[in-house]
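Student: coords please:
(chains A and B)
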Amino acid sequence: MDKVMSNRLVAAMYVLPALLLLLILVYIPIVLTGYYGLMQWDGIGAMTFIGLDNYARLLQDGTFWQSAGHTFLLALFSALSLIGYLMIALVLSGKIKGANLFRKIYLIPMLLSSVAIAQLWLKIYHPSNGVLNTFLEAIGFSNPPAWLAEPSLVLYALFVPILWQYAGFYILIYYAALKNIPESLVEAARIDGASPWQIAFRIKLPLITEVIKVTVVLAVVGSLKYFDLIYVMTDGGPNGSSEVMASYMYRQAFRSFDFGYGSAVGFFLLLICLLVTWLLRKATASKDTIQYS
Amino acid sequence: MANLPGTDRGSAWLRRFGYVLLYFLLSLVALLQILPLVWLMLFSLKNNQEVFDMAPFSLPATPRWENYVKVWTEGNISLYFFNSVWITVVAVVFTVLFASLVTFAITRMRWKGRSLVLGLFMVGLMIPVHSTLIPLFSLFLKLHLTDHPLSVILSYIAFNMPITIMILLGFYYALPREVEEAAVMDGCSVHRIFFRIVLPMTSSVISTTAIINMIYNWNEFIFVNTFISTDSYKTLTVGVQNFIGQYTTDWGAIGATLMISIMPILIAFLILSNRIVEGIAAGSVKG
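Tutor: Have a look, this model is predicted:
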């Protein structure tokens, strides 16, 4: 037994294909991103070493900080929206008929590509023929705005499809966690005379704190790297008013062919993702985890 | 149950009102989640005049299926569609196979460095794709793999590996040791144990991971958009994006194109919804 199952050659054979792919396509690129960030490079020609110039430029780049601000706002909205998703999951996890059906319907947008969602919402937001403005005109607004062309509105207009897309995902996670709570605990509380509100806020929510923490990390880190939908719907416009960090990186590298600077932005993005993950875990770490039994 | 203290608190009327309110709320959210798609389906069956003159949610007098025929035959949509199919299938097969091999070696075999290797895969979950894009692009450029489907397939396999292993892990840990012990007694080789015994035993979790991978790959955008520039290798997500550029004003054609691009996932969902829901819950670490 031991001899067969501790055959190192076989273990290596099983692990190496995947491990090599991971190292070559994920880990080495991460290191290279930091390295390219030290270069002046158009992506094709020769690289010139310029030290920390790209990183210094980054710190003084107003457009970058504007896009970082937008990213922060998106992260904040995503985190806040979790409260709503949690409430819906609480309702669904009660003894509600059709809970399964609701849960599945909520999930549908999550299955679609961001590109399809973006194209669909472009049509919804269409200034004259979109379903939103048609509706607004029908209920009496004479001049509804062109949502995606208005610098002050565009970012919020983009948040709506993003929240729409992920609603079912978070509701599903909360629902699964709530369903995992042993029925006997809830029953016992009920017998002791706890109201449904007390059961929800004093018993159910504390029991799924760990899951809530994970979703906060997911929502915030997911927002930091948000790209597809914004790229397709507005491409960061009008005039940078919906640019986020990932789209700014893409623009610098693949549009302006400033691969060195784009790499610096990409490396910064990586550091922020890792830092925020670490900070959130640290901030939400609790020594006394609640156990069921 | 009805005579337990606490359950009959409050009047029956209030309880019923509460339920109606909850159902109203849940249905409203469901409606908001589904209405944009209903509208998409409706305008994919209309011509421009119908889209602009009729109420958004009204049915067209005669459904214009010719929109679908037109986009399928005129542009490259059918080509993009089949590219999506085969690229997705190849990537899913290799991801699930490699991930199963790794998970087997980590959870069932004994060798030094297991936890380090597992750690490497798990940290991979946190790395943003965007931060690797520039080096990957230049790597594929050097290997003459830009504009080649292999660049996309390899990227899918590598980047979906961590989440796939994560979903498999719990399942593999729970497999009983006795099965392998008996097999070893009978003189089975490791390969035989893996391919003939363990792999079939894990078929349910394999199908879950395969579906999750399928959804990710089918919808993936940034790798194809960055690495592939020739039309003949583009997948549906990127193809749709360019295709719609040509039809900026033909709403029926745009609607039909979008419907074609989301249809396979929607059909899979109708057939396999329980497994998909399970899989997404299990794969919840990837945002």
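Student: what residues are up against residue 172?
Tutor: If you meant another chain, say so; for now it's chain A. Counting by CB atoms under 8 Å, 6 or more residues apart in numbering or on different chains, A:L172 touches A:103, A:106-107, B:277, B:280-281, B:284. Glycine gets a C-beta too; all of them are placed from N, C-alpha and C.
Student: correction: the question concerned chain B.
Tutor: B:103-104, B:107-108, B:198, B:202.
Student: save those as CSV, and put in pLDDT too.
Tutor: Output for those, formatted as CSV (pLDDT from 0 to 100):
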residue, pLDDT
B:T103, 96
B:F104, 95
B:T107, 93
B:R108, 91
B:V198, 92
B:T202, 92
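Student: filter those residues to the buried ones?
Tutor: Buried by 16 or more other CB atoms under 10 Å in any protein chain shown: B:103-104, B:107-108, B:198, B:202, out of these.
Student: closest one of the contacts of A:L172 to B:L266?
Tutor: Distance to B:L266 across these (CB to CB) is lowest for A:L107, with 11.5 Å.
Student: point out where the chain drops to low pLDDT.
Tutor: I went with chain A, as the question did not name one. Low-confidence segments of chain A (pLDDT under 70): A:1-2, A:286-293.
Student: sorry, I should have been clearer: chain B.
Tutor: Scanning chain B with the threshold set as pLDDT under 70 gives B:1-10, B:283-287.
Student: can you pull out the helices in it?
Tutor: B:12-43, B:48-53, B:66-74, B:77-107, B:114-123, B:133-142, B:149-173, B:177-185, B:190-192, B:199-201, B:203-219, B:222-227, B:236-246, B:251-282 (DSSP state H).
Student: what residues of stretch B:135-144 count as buried?
Tutor: Here stretch B:135-144 shows B:135-140 as buried, counting by 16+ other CB under 10 Å.
Student: closest to chain A out of these?
Tutor: B:P135 (3.7 Å; CB to the nearest CB).
Student: my read: that closest one touches A:Y27, true?
Tutor: No: using CB atoms under 8 Å, B:P135 is not in contact with A:Y27; the gap is 10.5 Å.
Student: could you find the closest non-adjacent residue to residue 213?
Tutor: The chain I'm using is chain A. The shortest distance from A:K213 to any non-neighbouring residue, by CB to CB, 6 or more residues apart in numbering or on different chains, is to A:T284 (4.2 Å).
Student: look at chain B instead
Tutor: Excluding the flanking residues, the one nearest B:N213 by CB to CB, 6+ apart is B:V92, at 4.5 Å.
Student: my read is that the one you found contacts B:W218, right?
Tutor: No: assessed by CB under 8 Å, B:V92 is found out of contact with B:W218, at 9.5 Å.
Student: so what touches stretch A:252-269?
Tutor: Around stretch A:252-269, the neighbours that count as contacts under CB under 8 Å, 6+ apart are A:32-44, A:47, A:50, A:54-55, A:57-58, A:64, A:224-225, A:245-246, A:248-251, B:128, B:130-135, B:137-138, B:226.
Student: hmm, try it at 7 Å
Tutor: The contact list for stretch A:252-269 (CB atoms under 7 Å, 6 or more residues apart in numbering or on different chains) reads A:33-34, A:36-37, A:39-43, A:54-55, A:57-58, A:64, A:224-225, A:245-246, A:248-249, B:128, B:130-131, B:133-134, B:226.
Student: mind checking which of these are buried?
Tutor: A:33-34, A:36-37, A:39-41, A:43, A:54-55, A:57-58, A:64, A:224-225, A:245-246, A:248-249, B:128, B:130-131, B:133-134, B:226.
Student: can you tell me how far B:T208 sits from B:M214?
Tutor: Here the criterion is CB to CB, to the nearest Å. By it, B:T208 lies 11 Å from B:M214.
Student: looking at the two, which is more packed in?
Tutor: Higher neighbour count among B:T208 and B:M214: B:T208, with 25 against 20, using other CB atoms under 10 Å in any protein chain shown.
Student: if you skip the residues just before and after it, what's nearest to that one?
Tutor: B:G279 (4.1 Å).
Student: can you name the residues that contact that neighbour?
Tutor: Counting by CB under 7 Å, 6+ apart, B:G279 makes contact with B:208-209, B:211-212.
Student: buried sites along stretch B:97-111?
Tutor: B:98-109, B:111.
Student: that one close to chain A?
Tutor: Yes: with CB under 7 Å from any CB of the partner chain as the measure, stretch B:97-111 is seen reaching chain A through B:98-99, B:101-102, B:104-105, B:108-111.
Student: name the residues of the stretch 51-200 of chain B found near chain A, please.
Tutor: Proximity of the stretch 51-200 of chain B to chain A, by CB under 7 Å from any CB, involves residues B:51-52, B:56, B:98-99, B:101-102, B:104-105, B:108-111, B:117, B:120-121, B:124, B:126-128, B:130-136, B:138, B:154-155, B:157-159, B:161, B:180-181, B:184, B:190.
Student: just name the closest of the buried residues of stretch B:135-144 to A:Y170, please.
Tutor: B:L136 (29.9 Å).
Student: most centrally placed residue in the chain?
Tutor: All of this is about chain A. Closest residue to the average C-alpha location of chain A: A:G222 at 2.2 Å, with CA atoms, centre = their mean.
Student: actually chain B
Tutor: Closest-to-mean residue, chain B, CA atoms, centre = their mean: B:I215 / 1.3 Å.
Student: where's the closest residue in space to A:I96 that isn't next to it in sequence relative to B:Q33, distance?
Tutor: Distances taken as CB to CB, 6+ apart place B:L22 nearest to A:I96, at 6.8 Å, with adjacent residues excluded. B:L22 sits 17 Å away from B:Q33, going by CB to CB.
Student: these two: who's more crowded?
Tutor: Neighbour count, other CB under 10 Å: between B:L22 and B:Q33, B:Q33 has more, with 21 against 15.
Student: touching, that one and A:L107? I think so.
Tutor: No: the pair B:Q33 and A:L107 does not pass the contact test of CB atoms under 7 Å, sitting 8.3 Å apart.
Student: now the common contact residues for the two.
Tutor: Counting by CB under 7 Å, 6+ apart, the common neighbours of B:Q33 and A:L107 are A:G168.
Student: for the stretch 101-250 of chain A, what lies in contact range of chain B?
Tutor: So the stretch 101-250 of chain A meets chain B at A:102-109, A:111-116, A:119-120, A:124, A:129, A:131, A:134, A:167-169, A:172-173, A:176, A:190-191, A:193, A:218-219, A:221-222, A:225, A:227-228, A:232, A:246, A:249 (CB under 7 Å from any CB).
Student: show me where chain A has strands.
Tutor: Here chain A has its strands, by DSSP state E, at A:39-40, A:48-49.
Student: give the burial count for B:G245, as a bare number.
Tutor: B:G245 is flanked by 8 other residues according to other CB under 10 Å.
Student: for A:Q60, that is, sorry about that
Tutor: If you count neighbours by other CB under 10 Å, A:Q60 ends up with 8.
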